Each structure stands twice: as C-alpha cells, then as structure tokens.
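Asks: Quick one, fold the following:
(2 chains)
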Number of protein chains: 2
Amino acid sequence: MKVELIAVGTEMTTGQNLDTNSQWLSRQLAEIGIPVAFHTTVADNMADNVAVFSLAAQRSDLVISTGGLGPTQDDLTREVLAAVIGVKLVEDPMSLAQIQEMFARRGRVMPERNRVQALIPAGAEAIPNSCGTAPGIWAQAARAILIALPGVPSEMHRMFTEHVRPRLLRLGVGGGVFIQRKINTLGAGESVIEEKVADLTRRGHVPEVGITVSDAVVSLRILARAGSLAEAQAQIAPVEATIRARLGDFVYGIDDEEIQDVVVRLMHQTTKTVATAESVTGGLVAHRICLVPGASDFFAGGVVSYTDEVKARELGVPHELLRQYGAVSEPVAQAMAEGVRARFGTDVGVATTGYAGPTGGTDDNPVGTVYIAIAHAQGTAVTRYGWIGTRAEVMNRTAKLALNALRLHLMKS
Amino acid sequence: MKVELIAVGTEMTTGQNLDTNSQWLSRQLAEIGIPVAFHTTVADNMADNVAVFSLAAQRSDLVISTGGLGPTQDDLTREVLAAVIGVKLVEDPMSLAQIQEMFARRGRVMPERNRVQALIPAGAEAIPNSCGTAPGIWAQAARAILIALPGVPSEMHRMFTEHVRPRLLRLGVGGGVFIQRKINTLGAGESVIEEKVADLTRRGHVPEVGITVSDAVVSLRILARAGSLAEAQAQIAPVEATIRARLGDFVYGIDDEEIQDVVVRLMHQTTKTVATAESVTGGLVAHRICLVPGASDFFAGGVVSYTDEVKARELGVPHELLRQYGAVSEPVAQAMAEGVRARFGTDVGVATTGYAGPTGGTDDNPVGTVYIAIAHAQGTAVTRYGWIGTRAEVMNRTAKLALNALRLHLMKS
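Replies: Numbers count the residues shown, from 1 in each chain, chains lettered A, B, ... in the order given. Modelled structure (predicted):
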C-alpha cells in the first residue's frame, strides 16, 4: 500500500512557508496504520501539477493533496484533478448551497468568483467544509483514491478528522496502528551507538529502527506497525529493552524528553542542590535548568565567569592556576566547579570552560576544546571534549553534556 | 530550467520532523534567480529512493538532495545515486583522508563504519565537508546535475554556500535575481508596527512588503524581483529608508542580525562594560551575549540568582526589599541591576526578574509579569512587561527585550 501527500503552493517552493500540512497528515495517517512513502510540494503551475498528480495516481494507492482549492486564478487543483481523471468539471449544487450559506452567515452575498469553488470533477464527490468556503474532493484516478483538501490548516484538519479519517477506516485502508518510540542518548557519537545496535538498524528488521542525530543527542527511533496498539507496543517493548541493555547509561530519556527535564527530576528525587559556573556556555546550562518548571526548588543559581578576573574574584580560582594552565584547562574547570559549590553552599557544582571559536585556542587546546567539571562531597570529575562545529553548536553541545554529566552523578547519589 | 529538491528521511515522512532544508535551499536558490518547481520527501527505503531520484534526473535539470549520507545502514543516498547513474561506488581517497582527519582532530581513530562515507559513484565528484564527516556528491545523471548534501543543516548550509552556490553561478545556471531585505524591530507589537506601514504592506505594492513575528521580534520583509542585483537593490533601498524613518528606534537590525549582535557591536563602539543579574531568564541574557564572537572583551559575566537568598548574598539585594515587595518587583529589579554593576565593577548592569509560569504569580503580578532593569552611572531604568505565553516564550522574549533595553541605553552613551 503506497501513500503519497501533495502540497500545492508557490509559497512553499519559494521557501516562504513550510509545508506543515504534510507533517500533520503524516502523523494522523501513521496513527491509523497508514505509512506515507512520499511528500511532494509543487508550485502553482498547471503543467507541473498535472505531471505530479498523474504520477501519484499511477504509483500510489492513496493520494491526499492540500491547497489549490481557493477562488483565485492560481488555485488549480480542481482543473488538475479533472485533467488527470480525464473528465469535465461540473457544479455541485450541495457545495454551492454551502458556500452561499457560509457568506450568508457573515451577512454577505457570495461574490461570483467563489462560484468556481463549487466545481468538482464529474463522478467525484465533494467533501463538506464546515468552517470555510472550499469543499474538498474525493475521487478515483487510475489505481489511486485521490483526496483534495484545502490548504488552510484549521479547515483541512477538521475535514480530515470529520470526513476523511472515518471513511478511510470504513474502507479498511491501512488499519492497525503505526507507532514510534524514540530513545535519546548523550555521551557517544552516532557511529559508536550504531555499532552497538547494528543488527537492529539493518534494513528489513522488524520493527524498523532508525538513527538520528541532533546537536550531540543521538536518538534511536523504533517504528512498529501492527493490527492493534497492544501488538505494536509488544513489538517495541523487547527492542527497547535490548537497546537500553546495550546502551546503558548513554540513554537519558525517551520521545521528546530533554536532558534538563531528566536532570531536574533527579534533583527532586535526590534532593541535591546544584549551582553552575559557566565560561564557554555563558549561562546556557543554567538557562536550560531554569526552563523546567520547579527548577528553583533545588537550583540555587550560578555565575557566568567570562573573564579570568571574574573566575578569580567570584569563584576563587587561584590566579596562579590561570597563569600556569590557562582558563581552558582541567585544573581551572575543577577550581570553578569547586568554587561555585563552596560559594553557593550546594551539594553539586557544575562548571564549563573552553574555546567556542571561531578564533582562539592553543596547539594543545584548539578551538572546540571544552572541559566540564562536576564537583561534589566525594571529589571532582573533569571531562574533556573536542568539538568541531560553529560557536553556537559548541556551546549547545557542551551545555547538554554538562547536564548529562550532572545526570550521571545524580544517578549515583 | 526545472529545479527539484529531494529530502531523504523517514523522520520526515512519518511527520516527526519538518523538512526545513528544502525551505532553506529554496530561498538560497531564489536569491540567485533559480526557481524551484518541486520538493519531494522520501522515506529511507531503497526502492522508493531509486524511483524518486530516477524520476528527478529525467524531469529536472538540477536536483539537490539532503540527507542519507551518514555512516549508518539507513543512509542510502550513496547507493541510490550509483544505482540511478548506473555505476559502481568507489572510495574517494581525498574524502577518506578528510574523514580520518576529522576524527584525528578530536583525538580519535575513525570507526570502520565511517569508511562508507568516503564512497561516491564512479565518475562523480566529492563535495568537501569542512564541519562534518559526510562529504557531498556532485554528479550528472540523465539530463540533470545531481547534487547530494548531508541532512545536518549547519553542514549543508556551509557546503552549499562554499561550494555549490559559487559553482552554479559559474555554470550560469539561473538568471535574474530575487532578493529579500528583512528589517527587524523590538519594543512594539505587530499591530503598532503594521499601522505605521499599512500603505507598504497592502497587496500589490511593489516591492512586496510582508510582516512576520517571532518571539517579540516583528520583522518587515521586502521582496524584490529584477533582472540584476543592482535593479533589485534599487527597488528595495527607498522602501527600506521609508520604513526606517517611520519606525525609528524600534529598528534594531537587518536580515539575520540578532539583538545580541547589535548589542556586542555597541559595546565595542562605546567601550562600555556590562554585567548581568538574571532571575526569570536564568542565564539566557548572558548566553545570548556570549553567542557573539568577541563578547568577552566587554562582557564581564553575571550572576544567575534564582533564589531570594542568592539575590541577597550575591547581589546585595536588601532582605527587607524582598520581604516588602517580593522578588518580582520594580525595587528588586533595580537593586539586582545596581548590585551586579557594583559587584562586577562594570559601566552597566542588566537585571531580569519575573514569573515565567506555568504556576506562581500574584494578583498584582500574574504569571507573565517581568521587570527589566538597566543600571548605569546616571541612574537605573526599570520597565515592566506582561507576557502571555509558555514558560520558554516568556524567558526568550524577556531576554530579547533586556538586550534591547541595553541597546537603547548604549546608543545614548
């Protein structure tokens, strides 16, 4: 069963707008067990539209398009469908009545140009639009069920939910469910993670397992398709268990969980208080913690010590350490973490120092080098990382790994 | 001339992620006069990828794909291109060397897995990737120039700008230009800005002027289309002048300029030093300043004072102020700004305090209330804002407006 989505509109092929309709439809279809193979976006151009819709009608079993149903001259979808199916456009009295009614409710008479919105290909059916003037179209073309919906998201969402979704289910299209589970890791690179689960990510594995990377976070996505939610979950559970067993502490959370959500939860569970001393991240570690409601219960605050002078005065980093090793060094990272812990009287002190670039750095510590320190009652652990990336990426990845180091420490507490 | 973009990845056909790469490429191509006819998104599936790329190579003159070049088994684009062109994959020594170098710079040995990233179709060329391990591919297939770029936005942007764009221009692909000028404002709402430029934003105005809003920043976008860059710029210049004249100090920057870029530039111009005291923004003001290279020359650092205790101890906010007015109040914001200015010995102190929500707040100061204070030699100015938004939105908008308050102060210096 091949399913394809078509988004019509020059505002998307020029990059002015993003095609969020296809994303929304993909999620909706996935929930009823219909996986989508293609998204196509096409400009408001007759020839290109006919080509795209004809191809879709030949290669797919279900095609849902959004956009091109308005009253203006660049709204081509009605004509395109008629051309692809090879029939004429006819006026649908029900639709015309609804459009006139829509204007009447706003105390207005329907402008003549809106009359074209009541046209549908001969033999097709109109899909009522309860909150707009553009009815949708349900037609059969070549091997495909061809469904055209308006591009206005609120109207499209409602028409899909009220009319298209139930009818697809009645037809037994797809059926079953298609669910995802995302397992998020920090602390290992994509290839390291991949090597540990190579047998699961190989093509044809059921359920399908994919890997995606986003700013230091490597995520494994388990996609299960089954007749029922219970079956799909039963497919995912053992694979998730295997992945967790193999990746151990690299796994910090699931689905949309961010590292700071996990850290703040652990702060509450362990009742450990935390303070931050940030150089290279410039406040991002503290900010991420503060993004989580309730963070203030155990997060005292922190110091952004961007200059050596502030490191010495505010955090008590010995001047000779700064002179001897430089601000970007293991001893200074350690002194910063211990300094902020002492000053704020917290259980844990977190520190970051490094070269975010684009300039700076030394032969031993080139741009991208960062040190992360975690100070606690039993001692202080410092980790060194070497990033390659933009200034913002270095800061963002460093903040996430500092929070991950904090997570690993709190888990041991 | 037909141009087509292909985004590869199941994370998009399932609706998990949006295809922002095709949007970015569409804008970049538009700027050099290359209109895009189609976007196609395809899942990580060999047969579908081969079908999509073959079709593209037949119907289009230029095809640019993103994604599928990673080291893992679901990265298929290399094999897909070889199949579509009808050649074998061969190892590109240059690319292999670059990938090994990339790991060496991080003090690591290249995992065997990554070796596949050096494979390109026989007869094709590798496009160097200076900030990642996946080289791109430049090939000829059927009638099309076929360019494959990695899906990681930062790498893809850089490779397009450094290698693909210049080469397309040398080849004389495209013609005519379509440029945009964005004028960014802070401090006034969308409707206030719109009233001042209503005559320019009306439909049919040439050049076209649009308004977009993103987290407190209201931007006016001028779109000009012409035969040459000079003509397009000539269309934009007078309209930009009019907008600047009408909006005055609300305008902080153009195009992709962020408020912190402007602030750090003003810090250098005025040689004024700055320190921050953050409660509600939790370090975001400091972090935004630190995102700008060279910030450390005039940014001393700051304190994240999330609790009353820290406000009192670290910033010298009098306990009775906190008792009498509460932490979210004009007097406390003022005391925080003056306290951090005194403690760090800077020319300016910036402070934020407020209720980010979702819970907290009082009748007088409900969730969304924030105070921003700027302390300097001549005195301290405090502004109050009432936001309606999520916790992250309140923090983000407050940080931008604190930086805007700093900008307005530095402009007067």
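Asks: Chain neighbours aside, what residue packs nearest to the spatially most central residue of chain A?
Replies: The structure's chain A has its C-alpha centroid closest to A:Asp256; by Cα atoms, centre = their mean the separation is 8.1 Å. The spatially closest residue to A:Asp256, leaving aside those adjacent along the chain, is A:Lys182, at 7.5 Å (Cβ to Cβ, 6 or more residues apart in numbering or on different chains). For glycine as for every other residue, the C-beta is placed from the backbone atoms N, C-alpha and C.
Asks: Wait, the one you found touches A:Ile254, no?
Replies: Yes. Between A:Lys182 and A:Ile254 there is a contact under Cβ atoms under 8 Å: 6.1 Å.
Asks: Pick out whichever of these two has more residues nearby.
Replies: More neighbours surround A:Lys182 than the other of A:Lys182 and A:Ile254, with 17 against 14 (other Cβ atoms under 10 Å in any protein chain shown).
Asks: Quick check: that one is in a strand.
Replies: Yes. Under the criterion used here (DSSP: H, G, I helix; E, B strand; the rest coil), A:Lys182 sits inside a strand.
Asks: where do the helices sit along the stretch 1-150 of chain A?
Replies: Listed from the start of the chain, the stretch 1-150 of chain A has helices (DSSP state H, counting those that start in this stretch) covering A:10-13, A:20-31, A:46-59, A:77-85, A:93-105.
Asks: Output the contacting helices and strands for the third one.
Replies: Under the contact criterion of 3 or more Cβ pairs under 8 Å, 6 or more residues apart in numbering or on different chains; DSSP states H and E, helix A:46-59 touches strand A:3-8, strand A:38-42, strand A:62-66, helix A:77-85, strand A:144-149, helix B:46-59.
Asks: Ok, which of those comes nearest A:Arg265?
Replies: Proximity to A:Arg265 (Cβ to Cβ) singles out strand A:38-42 among those, at 36.2 Å.
Asks: right, is that closest one up against chain B?
Replies: Yes. Legend: contact between strand A:38-42 and chain B by Cβ under 8 Å from any Cβ of the partner chain is shown at A:Phe38, A:His39, A:Thr40, A:Thr41, A:Val42.
Asks: can you check stretch A:299-319 too?
Replies: Yes. Applying Cβ under 8 Å from any Cβ, one finds stretch A:299-319 in contact with chain B at A:Phe299, A:Ala300, A:Gly301, A:Gly302, A:Val303, A:Val304, A:Ser305, A:Tyr306, A:Thr307, A:Glu309, A:Val310, A:Glu314.
Asks: My guess is the first one contacts A:Leu266. True?
Replies: What that stands for is A:Phe299. No. Shown here, A:Phe299 and A:Leu266 do not form a contact pair, counting by Cβ under 8 Å, at 11.9 Å.
Asks: More neighbours: the two, which one.
Replies: Taking other Cβ under 10 Å, A:Phe299 and A:Leu266 do not tie; A:Phe299 has more neighbours (26 against 19).
Asks: Where does the prediction get shaky in chain A?
Replies: Counting by pLDDT under 70, the low-confidence segments of chain A come to A:174-175.
Asks: Check it for its longest helix and report it.
Replies: In chain A, with assignment by DSSP state H, the single longest helix is helix A:391-412.
Asks: Which elements pack onto that helix?
Replies: helix A:259-270, helix A:284-290, strand A:348-354, strand A:369-376, strand A:379-386.
Asks: can you put those in a markdown table and add distance to A:Val218?
Replies: Conversion of the helices and strands packed on helix A:391-412 to a markdown table gives the following (distance: least, Cβ to Cβ, whole Å):
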| stretch | distance to A:Val218 |
| --- | --- |
| helix A:259-270 | 12 |
| helix A:284-290 | 18 |
| strand A:348-354 | 21 |
| strand A:369-376 | 18 |
| strand A:379-386 | 15 |
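Asks: between those, which gets nearest to B:Met411?
Replies: Distance to B:Met411, taken as Cβ to Cβ, is lowest for helix A:284-290 among the helices and strands packed on helix A:391-412, at 26.3 Å.
Asks: what comes into contact with that closest one?
Replies: Judged by Cβ atoms under 8 Å, 6 or more residues apart in numbering or on different chains, the contacts made with helix A:284-290 from elsewhere in the structure are A:258-260, A:263-264, A:274, A:276, A:278, A:295-296, A:299, A:301-302, A:304, A:350, A:352, A:395-396, A:399-400, A:402-403, B:278, B:281-284, B:287, B:304, B:306, B:356, B:395.
Asks: Convert it to PDB, retaining C-alpha atoms only.
Replies: As requested, C-alpha coordinates have been extracted for helix A:284-290 and formatted as PDB (Å, rounded to 0.1, in the frame of the first residue of the first chain):
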ATOM      1  CA  LEU A 284      23.200  28.200  28.800                       C
ATOM      2  CA  VAL A 285      23.500  25.300  31.400                       C
ATOM      3  CA  ALA A 286      21.700  27.500  34.000                       C
ATOM      4  CA  HIS A 287      19.100  28.600  31.400                       C
ATOM      5  CA  ARG A 288      18.300  25.000  30.400                       C
ATOM      6  CA  ILE A 289      17.800  24.000  34.000                       C
ATOM      7  CA  CYS A 290      15.500  27.100  34.500                       C
END
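Asks: give me the number of residues near the residue lying closest to A:Thr273 once chain neighbours are set aside?
Replies: Of all residues not flanking A:Thr273 in the chain, A:Thr346 sits nearest, at 4.1 Å (Cβ to Cβ, 6+ apart). Counted with other Cβ under 10 Å, the burial measure for A:Thr346 works out to 22 neighbours.
Asks: Equivalent analysis for the one 4 residues further on, please.
Replies: By the other Cβ under 10 Å criterion, the neighbourhood of A:Val350 contains 30 residues.
Asks: same thing with the one 5 residues further on?
Replies: A:Tyr355 has 22 neighbouring residues, counting by other Cβ under 10 Å.
Asks: next structured bit after the helix or strand harbouring A:Gln235?
Replies: Under the criterion of DSSP states H and E, A:Gln235 resides in helix A:229-247. Once helix A:229-247 ends, the next helix or strand along the chain (criterion: DSSP H and E) is strand A:251-254.
Asks: quick one: buried residues of that following strand?
Replies: Under the neighbour-count criterion of 16 or more other Cβ atoms under 10 Å in any protein chain shown, strand A:251-254 has A:Val251, A:Tyr252, A:Gly253 buried.
Asks: okay but the first one is in contact with A:Thr185, surely?
Replies: Yes. With contacts counted by Cβ under 8 Å, A:Val251 reaches A:Thr185, the gap being 5.3 Å.
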